[in-house]
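[1] coords below, sequence missing:
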């Protein structure tokens, strides 16, 4: 019986090259956008992944950079994990907040935690622009971006709401609120009566538009429109 041949050193070397290419391709597959997100390298992505739950790489990292008051001591990023649920129209998943000291080359990533020590996270949803894939995002002003979702809403209702909002205001949706987060009371500017929905859109790095809507006889209506400054 013929003994099986051992792979040559050349074959082993080629296999290692292929494996390395796959790893690097996975790192390049994470999209970084925003003034700070654009500067992230494959090493940055690999290092920040180590502080995330299960050390799974995100598909999107958003770091918009300094706000209206200039740089702070910590760079803040939102990292969007792979979708938990997806249909042809809607993707939903979980995002985390992470940070690192401003000016740090790569190390120093920390997962933001609440006073109880739990990771700070939020639910996101994404509705792709017609004719574009979900993962095609050019920059922080792209309406193809995912957005924060606070409160329950089914896919059909969400699709109708987002399509209506996109006809009424320019800029990517930053957040949709159908229910106030725990700990917030429905008073003052955060008032949200039953049946109302609050939508925030980004217009510039430091400003946005806030819409308060209600559905009346299967049609969405804008109750109020305001300006939000960071």
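    Noted; the coordinates are in hand. These numbers were taken from a predicted model, which means no experiment stands behind them.

[2] Can you give me the distance of the spatially closest residue to residue 179 that is not a sequence neighbour to residue 93?
    Setting aside the residues directly before and after it, residue 179 is nearest to residue 151 in space (CB to CB, 6 or more residues apart in numbering), at 3.0 Å. Where you see a C-beta, it was placed from the backbone N, CA and C, and this is true even at glycine. With distances taken as CB to CB, to the nearest Å, residue 151 is found 16 Å from residue 93.

[3] Compare those two (neighbour count), which wins?
    Neighbour comparison, residue 151 and residue 93: the larger count goes to residue 93, with 20 against 14 (by other CB atoms under 10 Å).

[4] Just list the residues touching the closest residue to that one other than its chain neighbours, thanks.
    Residue nearest to residue 93 in three dimensions, not counting chain neighbours: residue 83, with 4.3 Å by CB to CB, 6+ apart. The neighbourhood of residue 83, defined by CB atoms under 8 Å, 6 or more residues apart in numbering, consists of 91-93, 126.

[5] Just put the residues you listed in CSV and tack on pLDDT, distance to residue 51 and secondary structure.
    CSV is the format used below for the contacts of residue 83 (pLDDT from 0 to 100; distance: CB to CB, whole Å; DSSP: H, G, I helix; E, B strand; the rest coil):
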residue, pLDDT, distance to residue 51, secondary structure
91, 98, 24, strand
92, 98, 23, strand
93, 98, 18, strand
126, 98, 24, strand
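
[6] Out of those, grab the one that's most surrounded.
    residue 126 (23 neighbours).

[7] can you pull the contacts of residue 145?
    33, 62, 126, 137, 172-173.

[8] before we move on, back to that, between the contacts of residue 83, which is closest to residue 116?
    residue 93 (22.7 Å; CB to CB).

[9] Dead centre of the protein: give me the residue that sits there.
    residue 80 (4.4 Å; CA atoms, centre = their mean).

[10] Would you list the phi and psi of that residue?
    The phi/psi pair for residue 80 (degrees, to the nearest 10) reads phi -100, psi 120.
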